[in-house]
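J.: Sequence and predicted structure below; questions after.
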Amino acid sequence: QVQLVESGGGLVNPGGSLRLSCAASRFTLDYYNIGWFRQAPGKEREGVSYISFTDDLYYANSVKGRFTISKDNALNMVYLQMNSLKPEDTAVYYCYFYRPAPWSLHYWGQGTQVTVSS
């Protein structure tokens, strides 16, 4: 059974850092575009960063220069290093796998809470 499990969230002071991890069971990362999304209370889910199966990178303007996405194909792990965290980064963070057409497969993790507050 395919499964995505996030970890690494928590409470951190403004300016602090966290590293989120996404463990992917029964996936071959090379076949997938992989993203991190987040959803704050009362807001829509938004894309934060992704890495394509060709290793192209994307960052939302709000996190550019502070967050770094990476993956380890051998370990089936995806990471989001978050530095210089701000209160507005507070949200539930989700990892997302998408295998393009013709398969068009989508998978979400259960989410991990990140709270930035003093």
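T.: Yep, that arrived. Residues are numbered from 1 along each chain as shown.
J.: quick one, phi/psi of the residue of the chain positioned farthest from its centre?
T.: Most distant residue from the mean C-alpha position of the chain: residue 102, 24.1 Å away (Cα atoms, centre = their mean). With angles defined as degrees, to the nearest 10, residue 102 sits at phi -80, psi 0.
J.: Phi, psi for the most centrally placed residue in the chain please.
T.: Centroid-nearest residue in the chain, with Cα atoms, centre = their mean: residue 36, separated by 2.6 Å. Dihedral angles of residue 36 (phi, psi; degrees, to the nearest 10) stand at phi -120, psi 130.
J.: With residue 88 instead?
T.: Main-chain dihedrals, residue 88, degrees, to the nearest 10: phi -70, psi -10.
J.: And it, how far from residue 25?
T.: 32 Å (Cβ to Cβ, to the nearest Å). Every residue, glycine included, has its C-beta placed from N, CA and C.
J.: repeat for residue 7
T.: Relative to residue 25, and taking Cβ to Cβ, residue 7 is found at 13 Å.
J.: Who does residue 25 form a beta bridge with?
T.: residue 3 (DSSP bridges).
J.: all strands of the chain, in order?
T.: Using DSSP state E, the strands of the chain run over 3-7, 10-12, 18-25, 33-39, 46-51, 57-59, 67-72, 77-82, 91-99, 105-108, 112-116.
J.: Give me the helices and strands touching the first one, please.
T.: Contact analysis of strand 3-7 by 3 or more Cβ pairs under 8 Å, 6 or more residues apart in numbering; DSSP states H and E lists strand 18-25, strand 91-99 as its packing neighbours.
J.: same thing but 10 Å
T.: Secondary-structure packing of strand 3-7 (3 or more Cβ pairs under 10 Å, 6 or more residues apart in numbering; DSSP states H and E): strand 18-25, strand 77-82, strand 91-99, strand 105-108, strand 112-116.
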